[in-house]
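>>> What would the 3D arrangement of this be:
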Amino acid sequence: MISPLLRQILIAAALFISSACGLIIEIVAGRLLAPYVGMSLYTWTAIIAVVLAGLSVGHWIGGLLAAPHVETRIGARRVGWALAASAVSCLAILVLLRVVASLLMPSGLAPIPVIIILSTALFFLPSLFVGIVSPILTKLALDDDKNRHSGKIIGRMYALGTLGSIAGTLVAGYVLISWLGSVDTVLLVAAVYAALAVCFLLADRFRMTALAVTVLCLGGFGLWGNQLHAFSSPCDLESDYFCIRVDAAPAFGPTARLMALDHLVHSINDRAQPDLLYSPYIHFVDEYAKYRLGNKAPAAYFIGGGGFSLPRAWAYQFGARANLVIAEIDPGVTRVAADRLWLEPHAPGLRIVHRDARAYLQSLSAEPTFDVIFGDAFHDIAIPQHLVTREFHDEIARRLNPDGFYAINAVDTGRNPLFLMSLVKTLYQSFHSVEVWAERGEINGQGRVTFLVIASNRSIEKSVLIARRGLERSWERWPEGDLKARIGTAGVILLSDDFAPVDRLMSDLLLSPEH
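Predicted coordinates:
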């Protein structure tokens, strides 16, 4: 027989650990979805809502299963079954991710419905099953309390559940994802759930049936997942910020490779030709800088590094004469770019800093100033809001030489680019001139467009820019009169540190199936 004290310890430990595991899954959920739908406010909103919904339904079911007549032995059996179901449904996350994503990604659905469906399919049931556990464990703890201090017991159980959730959040965010990666973290949680289930089922007379069913379910999902390669990470490196992958890019050239951050191709580099720029928006910045600065070796500040395509090209062209400072927040991105994309981190004229670009720029003294500041930290629909505000633009304007310019790439719809217009309106508060460029034929076009925005104190006269080197390309400028008329219309707001609703402004893009 288990003593009452040992039973209370087992109940408390089970609640603490199961609560921790539930939050570990919630934290790792964002990393699991990132290679398919990216990391954004919409991703986290869906995940949190789905997990809370699952826990709520689970708590309600658990309350029904913890009826007053339920004795300790039956309650322990029900906890064991719930934990076994938690283990199986956790393992199923990795399998269903591959299956459901393969159906949704080519479906033509808009990004937000895809995110919601994926989150629900993967994370509702694991949250529901672990939600069943805590009401039954609380009932068992109350039944064991001979002195009937029910308020004290309930308070203790709530506290243990909350502390477990805190511990799971911290362990997932600071230890497990960094050291194990998201896939192995899920496998670890499934194993912990299974071990807890065994502890509760061993004393039950139906233990062999319960254990056999659990093993068969885990084994079935294990075999299915092995066939789908669901238990191997899709990432070459899973850093604290991104799922980083590098693949050959034979469509661009025999010695070209691409870097994907989460679900988006960020950079394409060529081993044989460091100054060949495949990405149109990066190519534009190179051509625009050559037109504006001539053959002058630039002093440039890069907000984000990614594959370091343009810094690598300029370091190759100008050597030590250039002053290229790159603020890349993720050391893992730099490491992969050096190992796989032929970046030389210590090349003459190149300096890489692993810090937030805004914080580092603000930490610099008034000197030096820059000829070019290039904002390349936007990640598809995930836009760091603190990098699009008037306060940051004022900081950039103070750091530019008189003939310098600030270039930023912005993704929006061609027909109704509300975010783009708000960005332009905000830039006009800090700069005399704002130009908007896109590849020829894309302005006012259908669907998603990558715009190039140039802010400076002196506009250039050109309305068309034709590439003079590299791939054959041309870009056209949005007519200034039409641009100024548009930013004066309703719905175009100024972006500030206090109010920058980027996600709402991009809703047309996010709800469009063409995205």
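
>>> the domain parsing of this structure - what is it?
With domains defined by automatic domain parsing, the chain comprises 4-234, 279-510.

>>> Out of those, flag the one nearest residue 255.
domain 279-510 (9.2 Å; C-beta to C-beta). Quick note: C-beta positions are derived from backbone N, CA and C, even for glycine.

>>> pLDDT of the closest one, averaged?
Looking at domain 279-510 alone, the average pLDDT works out to 91.

>>> if I've got this straight, residue 412 is in a strand?
Yes: for residue 412, which was evaluated using DSSP: H, G, I helix; E, B strand; the rest coil, the result is membership in a strand.

>>> Now for the spatially closest residue to it that is not a sequence neighbour, how many residues are close by?
In space, not counting the residues next to it along the chain, residue 412 is nearest to residue 420; the distance is 4.4 Å by C-beta to C-beta, 6 or more residues apart in numbering. Using other C-beta atoms under 10 Å, residue 420 has 26 neighbouring residues.

>>> when you give positions from now on, start the count at 38
Done: numbering now begins at 38, and the last item shifts to residue 457.

>>> Okay, residue 457 and residue 122: tell me how far apart.
Distance, residue 457 to residue 122, using C-beta to C-beta, to the nearest Å: 48 Å.

>>> ok, now residue 444?
Spatial separation of residue 444 from residue 122 under the definition C-beta to C-beta is 53 Å.

>>> Those two - which one has more neighbours?
Using other C-beta under 10 Å, the more surrounded residue of residue 444 and residue 122 is residue 444, with 25 against 22.

>>> okay, now residue 230: neighbour count?
For residue 230, the neighbour count with other C-beta under 10 Å is 30.

>>> element containing it?
Take DSSP states H and E as the rule and residue 230 turns out to sit in helix 219-238.

>>> what does the helix or strand hosting residue 255 rub up against?
Under the criterion DSSP H and E, the helix or strand holding residue 255 is helix 244-264. Taking C-beta atoms under 8 Å, 6 or more residues apart in numbering as the criterion, the residues outside helix 244-264 that touch it are 114, 117-118, 121, 124-125, 128-129, 131-132, 135, 227, 231, 234-235, 238, 241, 267-268.

>>> what about the strands in this protein?
Using DSSP state E, the strands found in the chain span residues 274-275, 280-285, 293-298, 301-307, 336-340, 360-364, 387-390, 407-412, 437-450, 470-476, 485-493, 501-503, 511-514.

>>> Relative to residue 182, which of the ones you listed is closest?
Each of the strands of the chain has some distance to residue 182 by C-beta to C-beta; the shortest is strand 274-275, at 44.9 Å.

>>> and the closest one, what does it pack onto?
Here strand 274-275 is seen to pack against helix 368-377 when contacts are counted using 3 or more C-beta pairs under 8 Å, 6 or more residues apart in numbering; DSSP states H and E.

>>> same for the helix it packs on, what does it pack against?
With contacts defined as 3+ C-beta pairs under 8 Å, 6+ apart, helix 368-377 has these neighbours: strand 274-275, strand 280-285, strand 293-298.

>>> related to what we said a few turns ago, what mean pLDDT does the helix holding residue 230 have?
92.

>>> now it against helix 244-264, angle please.
170 degrees (axes from the mean of the first three to the mean of the last three C-alpha atoms, to 10 degrees).

>>> distance between helix 219-238 and the chain's centre?
Here helix 219-238 is found 26 Å from its chain centre; the criterion is C-alpha atoms, centre = their mean, to the nearest Å.

>>> what packs against it?
On a contact count with 3+ C-beta pairs under 8 Å, 6+ apart, helix 219-238 meets helix 41-74, helix 109-141, helix 244-264.

>>> one more time with 10 Å, if that's ok
Counting contacts by 3 or more C-beta pairs under 10 Å, 6 or more residues apart in numbering; DSSP states H and E, the secondary-structure elements packed against helix 219-238 are helix 41-74, helix 109-141, helix 148-180, helix 214-216, helix 244-264, strand 274-275.

>>> Switch those over to JSON lines; also include mean pLDDT.
Formatted as JSON lines, the helices and strands packed on helix 219-238 follow (pLDDT from 0 to 100):
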{"stretch": "helix 41-74", "mean pLDDT": "91"}
{"stretch": "helix 109-141", "mean pLDDT": "92"}
{"stretch": "helix 148-180", "mean pLDDT": "94"}
{"stretch": "helix 214-216", "mean pLDDT": "88"}
{"stretch": "helix 244-264", "mean pLDDT": "73"}
{"stretch": "strand 274-275", "mean pLDDT": "90"}
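
>>> quick one: the residue lying closest to residue 144 once chain neighbours are set aside from residue 352, how far?
Counting by C-beta to C-beta, 6+ apart, residue 144 lies nearest to residue 151, which is 7.5 Å off, once chain neighbours are set aside. Shown here: residue 151 relative to residue 352, a distance of 39 Å by C-beta to C-beta.
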